[in-house]
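> how would this look folded up:
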Amino acid sequence: MAIDKTRPVERIAVPTVTYLPETKTSKTILLEPYHVDLLPEYCYVSREYLISGVAAGEPFCTRILLRCPADVTKFSGFVVEEPSHLWGGTSIWRHINRWLMRNGHAWLEVDSQAPSALGKIKNIDPERYRDMHFIPGPLADEFQENIPFVTDATKESLGEAYDAFKSLWWPATLQSQEIIAAASYALRSGQLGLMATRVVLSGLSQTGGLTRRFITHSAPHLRLPDGELPFEGFIPCQSGGAALPDASGGAKIIELLGESEFPSVRFPCGVSGQQKGTTHRRPDSGSFRVYEVAGMAHRESRYASAIDVKRWSVSKPAGMEWSTFSNSFIYHAVFEAMLRWIDGRAQPPPSATIQTIGTTDEIVRDEHGNAMGGVRTFHVEAPVSRLVAATPRGRPNWYWGSEVLFEAEKLRALYGSVSNYRQLAGKSLVRQVESGFLLPADAETLRRETIETVDF
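Predicted structure coming up:
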């Protein structure tokens with residue numbers, strides 16, 4: 001995807017930031033209160049602010065939500081900035097919150113997209129958020145209710161329907177890019193009670209697409225009021241599209257894609273997505289990597305929230321279990337690799353792509369039906385199931401993966417004994433750590449929660 005280098009550099013306006021305290025009758029609206037209960041355990045706090053200014057030539061006011069160490073001296077200086085989804089939600093926080101908090105990092109939700117900021121946040125509590133405003137446009141429900149889902153279609157027609165849907169996103173979010181940059185300035189300038197030294201922009205699914213769009217449409221020309229780059233790095237997740245260029249100013253890019261994003265995997269579910277075959281693939285550079293993860297679903301079901309469980313209850317796949325693939329541990333390792341890369345401490349692993357047939361996105365599979373190539377994990381190197389990265393039961397169930405557990409007879413044929421399985425699975429964990437796609441602390445969790453519970 002080419003960058004327009006003819007547009008002159010533009011410095012965003014200095015934003016105004018106002019603390020928005022909670023009272024007995026006015027509380028912060030959380031669309032996904034996932035692991036907010038862990039904040040006190042890690043000595044973290046959540047603070048809400050309103051940020052206002054001018055973007056796309058028009059005034060705006062929206063909310064930002066910061067989670068950081070209660071003791072600012074424990075703050076590492078590193079922040080992950082995540083825009084809220086077009087129809088609400090922050091999936092990056094779901095996947096990396098423990099890694100963030102055990103390392104003293106911070107996270108900032110930015111409600112930069114008008115449809116969800118107004119249609120979800122302000123709509124729930126119009127008094128608390130009375131000052132929020134954007135350029136007028138459609139609201140979140142108008143998008144959420146029109147996500148293409150077709151059971152009787154070709155892969156091509158599904159892709160065309162999703163392209164038409166996606167084309168509506170950006171006209172409805174005209175101010176988003178400059179608001180995202182303004183939030184980065186607020187983090188660095190001390191307006192939020194801390195001084196960030198490195199900020200990475202990341203999103204998942206629709207906001208992965210928004211992150212990609214910032215790289216191609218805003219990073220080349222948008223600068224902070226002091227002339228500096230808004231971000232040191234970008235991690236677009238579970239989106240895809242045309243191959244990304246290197247980012248302006250040497251900012252690092254790691255693109256993360258699960259097997260679930262491949263059109264050939266989504267087709268049986270009646271859904272498409274942002275990935276277009278394998279067009280996102282490109283050679284590595286001094287500032288770019290792409291990782292495709294065999295067996296990984298769009299969102300994690302291993303650690304489900306109460307909201308997730310309620311959603312799933314309407315349709316459990318026959319003969320399957322919800323996937324226990326550890327998405328979040330892949331995310332932990334990737335974000336750690338990005339931080340080390342930015343800091344100049346280590347190069348990330350080389351790109352890893354799933355094996356596909358020729359130039360198609362049809363995946364080459366092993367004798368168990370699991371994808372070959374890509375980022376290798378103990379889930380596929382010492383398998384106890386066939387992983388299904390997108391569950392073919394339509395919305396919302398395709399988001400989560402499922403698995404067909406091997407019978408005891410098959411496990412005995414594969415491994416001979418439980419002790420031999422544990423030895424082989426343990427070695428695969430070591431290889432995953434050594435390859436850079438699993439952190440040692442998470443490896444120990446997988447030993448306890450999975451390897452040591454397998455019996456046959």
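
> Next, the buried residues of the helix or strand hosting residue 186.
Assigned by DSSP states H and E, residue 186 belongs to helix 176-189. Of the residues in helix 176-189, 176-189 count as buried by neighbour count, 16 or more other C-beta atoms under 10 Å. Where C-beta positions appear, they are placed from N, C-alpha and C, glycine not excepted.

> So in that sheet, which strands flank whichever helix or strand comes after it, and in what orientation?
The helix or strand immediately downstream of helix 176-189 is strand 198-204, counting by DSSP H and E. Partners of strand 198-204 in the sheet, by DSSP bridges, are strand 78-83 (parallel), strand 233-237 (parallel).

> sorry, back to before: farthest-separated two in the buried residues of helix 176-189?
Longest distance between any two of the buried residues of helix 176-189 is 20.3 Å, between 176 and 189; criterion C-beta to C-beta.

> what packs against the helix holding residue 186?
strand 44-55, strand 58-69, strand 78-83, strand 106-110, strand 198-204, strand 222-223 (3 or more C-beta pairs under 8 Å, 6 or more residues apart in numbering; DSSP states H and E).

> out of those, nearest to residue 404?
Of all the helices and strands packed on helix 176-189, strand 198-204 sits nearest to residue 404, with 25.9 Å by C-beta to C-beta.

> Next secondary structure after the closest one?
Downstream of strand 198-204, the first helix or strand assigned by DSSP H and E is helix 206-213.

> is it true that residue 340 touches residue 334?
No - at 10.9 Å, residue 340 does not count as touching residue 334 under the criterion of C-beta atoms under 8 Å.

> Next, name the residue at the spatial heart of the protein.
In the chain, the residue lying closest to the centroid (C-alpha atoms, centre = their mean) is residue 204, at 3.0 Å.

> State the pLDDT value of that one.
Residue 204 is assigned 97 on the pLDDT scale.

> Repeat that for the one 3 residues further on.
The pLDDT attached to residue 207 in the predicted structure is 97.

> For it, which non-adjacent residue is closest in space?
The shortest distance from residue 207 to any non-neighbouring residue, by C-beta to C-beta, 6 or more residues apart in numbering, is to residue 83 (4.9 Å).

> Surely the one you found is in contact with residue 114?
No - applying C-beta under 8 Å as the test, residue 83 and residue 114 come out as separate, 11.5 Å apart.

> Need the residues touching each of these two.
residue 176 (C-beta atoms under 8 Å, 6 or more residues apart in numbering).

> Of residue 340 and residue 334, which one has the most company?
residue 334 (27 against 14; other C-beta atoms under 10 Å).

> As CSV, could you dump the C-alpha coordinates of stretch 295-315?
Presented in CSV, the C-alpha positions along stretch 295-315 are these (Å, rounded to 0.1, in the frame of the first residue of the first chain):
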residue,chain,number,x,y,z
GLY,A,295,-4.6,-22.2,15.1
MET,A,296,-5.3,-18.7,16.6
ALA,A,297,-8.8,-17.5,16.5
HIS,A,298,-10.0,-13.9,16.1
ARG,A,299,-10.6,-13.6,19.8
GLU,A,300,-9.5,-15.7,22.8
SER,A,301,-11.9,-18.2,24.4
ARG,A,302,-9.4,-19.7,26.8
TYR,A,303,-10.0,-16.9,29.3
ALA,A,304,-13.6,-16.0,28.8
SER,A,305,-15.5,-13.1,30.4
ALA,A,306,-19.0,-13.4,31.8
ILE,A,307,-20.3,-11.6,28.8
ASP,A,308,-18.5,-14.1,26.5
VAL,A,309,-20.0,-17.0,28.3
LYS,A,310,-23.5,-15.6,28.0
ARG,A,311,-23.0,-15.0,24.2
TRP,A,312,-21.7,-18.5,23.7
SER,A,313,-24.5,-20.2,25.6
VAL,A,314,-26.9,-19.8,22.6
SER,A,315,-24.7,-22.1,20.4
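
> Give me the contacts around it.
The contact list for stretch 295-315 (C-beta under 8 Å, 6+ apart) reads 32, 34, 91, 94-95, 204-205, 238, 258-261, 322-328, 330, 370-371, 375, 377, 379-380, 387, 389-391, 393-394, 396-402.

> mind running it again at 6 Å?
With contact meaning C-beta atoms under 6 Å, 6 or more residues apart in numbering, stretch 295-315 is reached by 34, 238, 258-260, 322-328, 379-380, 387, 389, 393, 396-397, 399-401.

> swap in stretch 29-43?
70, 88, 89, 94, 97, 101, 120, 121, 124, 125, 305.

> One more: stretch 434-449?
329, 332, 333, 337, 349, 375, 429, 432, 433.

> Could you list the low-pLDDT ranges of this structure?
Along the chain, the model assigns pLDDT under 70 to residues 1-5, 144-146, 150-151, 313-317, 393-397.

> For residue 109, list the residues it contacts.
Counting by C-beta under 6 Å, 6+ apart, residue 109 has contacts 65, 82, 84, 90.

> run the last query once more with 10 Å
30-32, 46, 48, 63-67, 80-84, 89-90, 92-93, 183 (C-beta atoms under 10 Å, 6 or more residues apart in numbering).

> One more: residue 249?
Residue 249 sits next to 219, 220, 223, 228, 229, 230, 231, 232, 287 when contact means C-beta under 10 Å, 6+ apart.

> what's the closest of the contacts of stretch 29-43 to residue 17?
Nearest member of the contacts of stretch 29-43 to residue 17, counting by C-beta to C-beta, is residue 121, at 16.9 Å.

> Look up how far residue 100 lies from the closest residue to the closest one other than its chain neighbours.
Counting by C-beta to C-beta, 6+ apart, residue 121 lies nearest to residue 29, which is 5.3 Å off, once chain neighbours are set aside. Taking C-beta to C-beta, to the nearest Å as the measure, residue 29 falls 21 Å from residue 100.

> okay, the two: which has more neighbours?
residue 100 (24 against 19).

> Need the three-state assignment for that one.
helix (DSSP: H, G, I helix; E, B strand; the rest coil).

> That one touches residue 66, doesn't it?
No - using C-beta atoms under 10 Å, residue 100 makes no contact with residue 66, being 11.9 Å away.

> Mutual contacts of these two, please.
79, 106, 107.

> ok, the nearest residue to the second one once chain neighbours are set aside - how many residues close by?
Translated: residue 106. The shortest distance from residue 106 to any non-neighbouring residue, by C-beta to C-beta, 6+ apart, is to residue 68 (3.9 Å). Residue crowding around residue 68 was assessed by other C-beta under 10 Å; the count is 27.

> what sits against residue 68?
39, 44-47, 74-76, 79, 100-101, 104-108, 187, 192-194, 196.

> sorry, back to before: let me have the strands paired with strand 198-204 in TSV, extended by distance to residue 162 and mean neighbour count.
TSV is the format used below for the strands paired with strand 198-204 (distance: least, C-beta to C-beta, whole Å; neighbours: other C-beta atoms under 10 Å):
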stretch	distance to residue 162	mean neighbour count
strand 78-83	20	27
strand 233-237	17	26
